[in-house]
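Colleague: From the sequence below, what's the structure:
(2 chains)
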Amino acid sequence: MLSVSVYRQLLRLYPAPHRRQFGEEMIAVFGDIRSDAASRGAVARIVFHIRESAGLIAGAMQEHWRRLGGDPDVLWFSPRRATMHTEFRFPRTTAVLMTIILAGVVLAIKKGETISSSNVNPPIGPLPPTHSVLLGGIFLTLAFFYAAGLIGWAILFAMRRSGVHRLAETSAETK
Amino acid sequence: MALYDMSPEVTMEFLPLTEPVLLILLSLAEEPRHGYSILKDVERMSDGRVVLSTGTLYGALRRLLGEEWIERIEEEDSPRGRQSYRLTARGRKNLQLEVSRMKHLTRLASFRIAGKEA
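Modeller: Predicted coordinates:
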């Protein structure tokens, strides 16, 4: 799904100084952990690709935010990030973040396609059609997990509102 | 080491550290490591609970480099994708301060919980 070449294109989301400083390292490390993930199960591979896509886009947003003069503590070193969460906790902000990440992925794919199509000295012949199929597959997979996440959130939210997760506590107290 | 050391090397504004940053610093406290090694060590230390993406890792490393808590080790024979990082004296001092803060907090918590149970 997320190949090294696509990852390299997504790195363009980062500010140029960050790419110059860490770009090659990030690609090398991504290649290593991608090889690790390839030897695991399908679920682990899917989790790996989602984590890498989200991490890359969130990281790029963080770097742009910092360069715009935003408060870095909002994104890093914030005590809120160390807060423990209950298993039912799924804040609405996460849904918003998922939406932003999805939008970022779509933009990144569009940008990658634009860069590929605007190449002044393209390699011999046009890009193979599998390139577009690959990007479309990434989009569809991310959209699927986004929808699944939203449904999961709705279920957890409804359960939390109903107080079903406190039934165990109630029964323990009555004993 | 005092809980609130106000020496110039200590930057209280960054404490408490997030768990990923704390684990990255702990990983580098043992020995210099390159990016892949840090990722695997963090995963091992947390029993697989904390798995960093490359974006998260290099965001943290960039920040820690900027604050001079860590430094890059220039190795002539290593490829560009294998830069190593190590903890600076400033980073080690801040890490010790964070550990002291956590110890203080756990002692306080134990004391309060024990008092409640008694």
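Colleague: Show me where chain B has its helices.
Modeller: Listed in chain order, the helices of chain B (DSSP state H) span B:19-30, B:35-45, B:54-66, B:89-117.
Colleague: Make CSV from those helices and add mean neighbour count to it.
Modeller: C-beta here means a position set from N, CA and C on the backbone, and glycine is covered the same way. Listed next are the helices of chain B as CSV, based on neighbours: other Cβ atoms under 10 Å in any protein chain shown:
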stretch, mean neighbour count
helix B:19-30, 20
helix B:35-45, 19
helix B:54-66, 23
helix B:89-117, 13
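Colleague: These: which one's closest to residue A:105?
Modeller: helix B:54-66 (12.6 Å; Cβ to Cβ).
Colleague: Just checking, which helix or strand of chain B averages the lowest pLDDT?
Modeller: Across the helices and strands of chain B, mean confidence by mean pLDDT, DSSP states H and E is lowest for helix B:89-117: a mean of 91.
Colleague: ok and it relative to helix B:19-30, angle-wise?
Modeller: 120 degrees (axes from the mean of the first three to the mean of the last three Cα atoms, to 10 degrees).
Colleague: What is helix B:89-117 packed up against?
Modeller: Counting by 3 or more Cβ pairs under 8 Å, 6 or more residues apart in numbering or on different chains; DSSP states H and E, the packing neighbours recorded for helix B:89-117 are helix B:19-30.
Colleague: With just CA atoms, put the helix it packs on into PDB.
Modeller: C-alpha atoms of helix B:19-30 as PDB (Å, rounded to 0.1, in the frame of the first residue of the first chain):
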ATOM      1  CA  GLU B  19       5.400   9.400  27.300                       C
ATOM      2  CA  PRO B  20       6.900   9.100  23.700                       C
ATOM      3  CA  VAL B  21       9.500  11.800  24.400                       C
ATOM      4  CA  LEU B  22      10.300  10.300  27.800                       C
ATOM      5  CA  LEU B  23      10.900   6.900  26.200                       C
ATOM      6  CA  ILE B  24      13.000   8.400  23.400                       C
ATOM      7  CA  LEU B  25      15.200  10.100  26.000                       C
ATOM      8  CA  LEU B  26      15.400   6.900  28.100                       C
ATOM      9  CA  SER B  27      16.400   5.000  25.000                       C
ATOM     10  CA  LEU B  28      19.200   7.500  24.300                       C
ATOM     11  CA  ALA B  29      20.300   7.500  27.900                       C
ATOM     12  CA  GLU B  30      21.600   4.000  27.600                       C
END
